[in-house]
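Undergrad: show me the folded form of this:
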Amino acid sequence: MKDIYFLAAIFLFHCAADAQDSTFIRGADISAAPQIENAGGVWKLNGNPEDVLDIFKQSGANYIRLRLWHSPLDGYCGLDSTATFAEKVKARGFKFLLDIHYSDTWADPGHQTKPAAWANLSFTDLTDSVYSYTKNVITVLKNHNATPDMVQIGNEITGGMLWPNGKLNDSTGWSNFAALLKAGIQGVKDVDTTIRIMIHIDKGGDNSASRWFFDNLTAQGVSFDVIGLSYYPWWQGTLPALQNNMNDLAVRYNKKIIVAETAYPWTLGWNDNAANIVGDSSQLLPGYPASVEGQKNFLRDVIHIVSSIPDNKGSGFFYWEPDWISAPQFGSPWENVTLFDFTGEALNSISVFNSIPVGVPSSSASPHSFSLYQNYPNPFNPSTHFQFTIADLRFVTLKVYDILGREVVTLVNEKKAPGTYEVNFDASSLPSGVYFYRLQAGSFAETKKLLLIK
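TA: Sure thing, here's the model as predicted:
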């Protein structure tokens, strides 16, 4: 009876988790789409030209991220342009992440330039401007029926924002930076308290730098909901490094975590005269070639890593500018990292927005934690795969139970060395229904649900 009560409790827990997982973010940052379209770019699905929002909707994306610049020279990504596009985004049924750069142009770890309109303000006036500007932005979007579901206060702000006032380079750096962040957050909350706040840095695979940033940020009393990380493997390391960092941050700060930017090339070829950012084999991960299949496998593994973060803290991912194809009047340094080929046709890799997370890639390095991953496929018929990671030499059992807590089969019952393992489960002889699988390795134990449908 004890086992039955235990598994019944697990069942209820996982039902709640499933409801939460149903909102797993499968997002795309397509901020450049209006400019690409106006420059003659055409996106196609199965050979037919279609609105890029419709293509992503049909492909399973559920969230769109748009960047906002204060006063861009050409108007693109300014408030008017963003509000118009955001209205279309929300009308299509997407949720919306607003990425406020607090600059007239790109803000990133190497550039956090104040808007020209704020260049000579005192720090007090600058803080007031951040508040009033942010509040006005959210108000305008709300009036366009495009209220964001989540807002980033700054973009890749590992070194601060609104330099030099909010730069993290002296004794007043953290206090000034925190004051600016708090002003922006308050500007959002004074319009709509339900909007979630993301703090976004670029250190996807760098745990020490991530800890340094968020330790100091929380010490300043900055209130936020989501940790956003950029992860481009040519800049931010390996997939295991990403996994280790996110797993640690989830436990350390008890926050939801999103890969706010990621991408991978489908070719190293060029289509126009704009110099591509990714163009050398040294920028690739071992086992992930610059091919459509390599791109697809990379994305599926990123999704799985995020979905396997402890305590359901992994909220999802955003692919950065998968739409940035080369247009007749607007070149692209990202044309080989999009989810479209050089003719504008959607690649098969765009199907990852509809995919179920799959295995985490193995690493030659020893794992640092125990993990039991969601089986794939799930639901399944008649076979599925289990994957788990063992941090050190332990006696391991992996068992499957039915809904009443009765053991169905023991799949593993032996000592295992550190590593990641995969086990196949054939349920040909079992009836359809809900089952559970449980991994026990020393004091570590975890149970997950699987669904057999025949």
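Undergrad: I'd like the next helix or strand past the helix or strand of the chain at the bottom of the mean pLDDT ranking.
TA: Ranked by mean pLDDT, DSSP states H and E, the weakest helix or strand in the chain is helix 2-21, scoring a mean of 42. Downstream of helix 2-21, the next assigned helix or strand under DSSP states H and E is strand 25-29.
Undergrad: residues in contact with residue 450?
TA: Residues in contact with residue 450 (C-beta atoms under 8 Å, 6 or more residues apart in numbering) are 375, 378-380, 384, 400, 434-437. All C-beta spots, glycine's among them, are computed from the backbone N, C-alpha and C.
Undergrad: please enumerate the helices of the stretch 201-350 of the chain.
TA: Secondary structure of the stretch 201-350 of the chain (DSSP state H, counting those that start in this stretch): helices at 207-219, 233-236, 239-253, 292-307.
Undergrad: could you give the angle of the longest one to helix 239-253?
TA: Okay, so that is helix 292-307. Angle of helix 292-307 versus helix 239-253, following axes from the mean of the first three to the mean of the last three C-alpha atoms, to 10 degrees, is 20 degrees.
Undergrad: and helix 292-307, what does it pack against?
TA: Judged by 3 or more C-beta pairs under 8 Å, 6 or more residues apart in numbering; DSSP states H and E, the packing partners of helix 292-307 are helix 239-253, strand 256-262, strand 314-320.
Undergrad: and of the ones you listed, who's closest to residue 82?
TA: Evaluated over the helices and strands packed on helix 292-307, closeness to residue 82 peaks at strand 314-320, with 16.0 Å, by C-beta to C-beta.
Undergrad: in three-state terms, how would the closest residue to residue 96 other than its chain neighbours be classified?
TA: Excluding its sequence neighbours, the residue lying closest to residue 96 (C-beta to C-beta, 6 or more residues apart in numbering) is residue 148, at 4.9 Å. Using DSSP: H, G, I helix; E, B strand; the rest coil, the structure places residue 148 in coil.
Undergrad: now swap in the one 4 residues further on and tell me
TA: Three-state assignment for residue 152 (three-state DSSP): strand.
Undergrad: residues touching it, list them.
TA: 97-100, 198-200, 228, 260.
Undergrad: export the helices of the stretch 201-350 of the chain to a markdown table and tack on mean pLDDT, distance to residue 419 and mean neighbour count?
TA: Compiled in a markdown table, these are given as follows (pLDDT from 0 to 100; distance: least, C-beta to C-beta, whole Å; neighbours: other C-beta atoms under 10 Å):
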| stretch | mean pLDDT | distance to residue 419 | mean neighbour count |
| --- | --- | --- | --- |
| helix 207-219 | 96 | 21 | 16 |
| helix 233-236 | 97 | 22 | 18 |
| helix 239-253 | 92 | 12 | 21 |
| helix 292-307 | 92 | 17 | 22 |
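Undergrad: to residue 72, which of those helices lies closest?
TA: Nearest to residue 72, of all these, is helix 233-236, at 24.7 Å by C-beta to C-beta.
Undergrad: export the helices of the stretch 201-350 of the chain to CSV and tack on distance to residue 93?
TA: Output for the helices of the stretch 201-350 of the chain, formatted as CSV (distance: least, C-beta to C-beta, whole Å):
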stretch, distance to residue 93
helix 207-219, 33
helix 233-236, 32
helix 239-253, 28
helix 292-307, 21
